[in-house]
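S.K.: only geometry, no sequence info:
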């Protein structure tokens, strides 16, 4: 059995071209690979979309194309990206194969026999059937099941906090999910004994995973641990939410278990590490395995300056590599007084060959140091000495000027300032 695992498509106005190009290529490849079933593990959209919006129409068209080839399971993702009800429209697409929307905790069995790709259009009603459990899990493996999927949609943390309190929400969420996952071990064991592939599908964060920007996710507010996920006994755990592909395995042969993030379908932000694509899962007599199939994600380039951007270096970078189709981000750090010396237009002209240019300047504010106790000093001279000590400034010249200002009449200071030096010839001639 072959399963294509796609995740984090993030269709929306901001990322539409990147998402659609990469997802379209993934659908083409899935059809070419003759996969038996497809799983989209959350965040198909970037936020709520109107059905007439271009992003919604293009997503519906691609999912319909995929569902015309094989059955599709779509999981509810993060509520901020996919508000409840967002995926309901996919149930009504009328594709050749049925789309199952997993928006509650439970199990679903893919019924039918043989490869869905071998069925003719006239056999559409019998092509496949998603049989959902009435409760959180099946009591027994449904006869004729081709695969059993355990679906854990994204958890609404606000609801958990409302039930147990904000301070206890993170710990309570992890404990309850761990108990829930352990409860699936029995039915997964029965399915494995019957030779039926078992897959868990969820959307959340695994403790210790690494983000697309190379940041390890450590803390007590993450949904899963690898131990809790392995405890389900599922052969494969298909995850969404983290945009970087990574996997964990345990066991060998038919006892092998694998947990994996597919990662995002495209490169939506600068600085994302790792390849982009989707996962091809294969189940056979020797167990389960997965591999990353790449998508034509955009290339990004970061150019960083500690001070003002050097235009000559930018031109050299532009000539040293092909910038066509590359998204370039230029970052710099300058003091507040030098911020106006950065020519943004010149930077964009130097990188005119790039697909797009993103400019990010960091301004270091002027730090004003206040001498401790300066307000308690009586004389102005003492205050100058305290300030000079705090700012590491040589005080005598300042004190001399201060003495002249306080002991000399203003007219005399002006007259002295306007009197030319004795050796100034031009002034003498005048």
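M.R.: That came through fine. Because the structure is predicted, anything quoted here is derived from the model rather than measured.
S.K.: give the contact list for the closest residue to residue 298 other than its chain neighbours.
M.R.: The spatial neighbour of residue 298 that comes closest, neighbours along the chain excluded (CB to CB, 6 or more residues apart in numbering), is residue 267 at 5.3 Å. Placement of C-beta: from N, CA and C, glycine included. The neighbours of residue 267, taking CB atoms under 8 Å, 6 or more residues apart in numbering as the test, are 18, 276, 297, 298, 299, 300.
S.K.: Pairing partners for the helix or strand hosting residue 101, with directions?
M.R.: In this structure, residue 101 sits in strand 99-102 according to DSSP states H and E. Sheet pairing of strand 99-102 (DSSP bridges) gives strand 72-75 (parallel).
S.K.: Contacts for the strand it pairs with next, please.
M.R.: Under the criterion CB under 8 Å, 6+ apart, residues 37-42, 44, 63, 66, 87, 90, 95, 97-102, 108, 130, 149, 151, 153, 201-203, 240 lie in contact with strand 72-75.
S.K.: Just to be careful, could you list which of these are in strands?
M.R.: 37-40, 99-102, 108, 130, 149, 151, 201-203, 240 (DSSP state E).
S.K.: closest to residue 172 among these?
M.R.: residue 202 (17.6 Å; CB to CB).
S.K.: Go ahead and confirm residue 174 touches residue 227.
M.R.: No - using CB atoms under 8 Å, residue 174 is not in contact with residue 227; the gap is 11.2 Å.
S.K.: When these two are compared, which one has more neighbours?
M.R.: The neighbour count for residue 174 versus residue 227, taken as other CB atoms under 10 Å, is higher for residue 174 (18 against 11).
S.K.: Return the per-residue confidence for the closest residue to residue 293 other than its chain neighbours.
M.R.: Computed as CB to CB, 6+ apart, the closest residue to residue 293 that is not its neighbour in sequence is residue 277, at 5.0 Å. Per-residue pLDDT puts residue 277 at 96.
S.K.: Give the bridge partners for residue 277, please.
M.R.: Residue 277 has the following beta-bridge partners by DSSP bridges: residue 294.
S.K.: and what of residue 358?
M.R.: residue 329.
S.K.: any idea how far it is from residue 336?
M.R.: Going from residue 358 to residue 336 by CB to CB, to the nearest Å gives 22 Å.
S.K.: export the contacts of residue 267 to a markdown table and tack on secondary structure and distance to residue 252?
M.R.: Listed next are these as a markdown table, based on DSSP: H, G, I helix; E, B strand; the rest coil; distance: CB to CB, whole Å:
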| residue | secondary structure | distance to residue 252 |
| --- | --- | --- |
| 18 | helix | 38 |
| 276 | coil | 30 |
| 297 | coil | 33 |
| 298 | coil | 38 |
| 299 | strand | 38 |
| 300 | strand | 38 |
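S.K.: What's the ChimeraX syntax to select whichever of these are buried?
M.R.: Remark: buried members of the contacts of residue 267, expressed as a ChimeraX selection using 16 or more other CB atoms under 10 Å:
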select :18,276,297,298,300
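S.K.: on that earlier part again, between the ones in strands among the contacts of strand 72-75, identify the one with the most neighbours.
M.R.: residue 40 (31 neighbours).
S.K.: my read: it touches residue 8, true?
M.R.: No - look at residue 40 against residue 8 with CB under 8 Å: they stay out of range, at 9.1 Å.
S.K.: Can you give the domain ranges for this protein?
M.R.: 2-115+127-294, 299-364, 374-418 (the TED database).
S.K.: Just name the most buried of those.
M.R.: Of the domains of the chain, the one with the most neighbours on average (mean count of other CB atoms under 10 Å) is domain 2-115+127-294, at a mean of 19.
S.K.: Torsion angles phi and psi at residue 283?
M.R.: phi -110, psi 130 (degrees, to the nearest 10).
S.K.: in the sheet, who's paired with it?
M.R.: In this entry, residue 283 is beta-bridged to residue 288, by DSSP bridges.
S.K.: That one contacts residue 35, doesn't it?
M.R.: No - applying CB under 8 Å as the test, residue 283 and residue 35 come out as separate, 11.5 Å apart.
S.K.: Identify the contacts common to these two.
M.R.: Common neighbours of residue 283 and residue 35 (criterion: CB under 8 Å, 6+ apart): 2, 3.
S.K.: shaky segments in the stretch 1-150 of the chain?
M.R.: 113-127 (pLDDT under 70).
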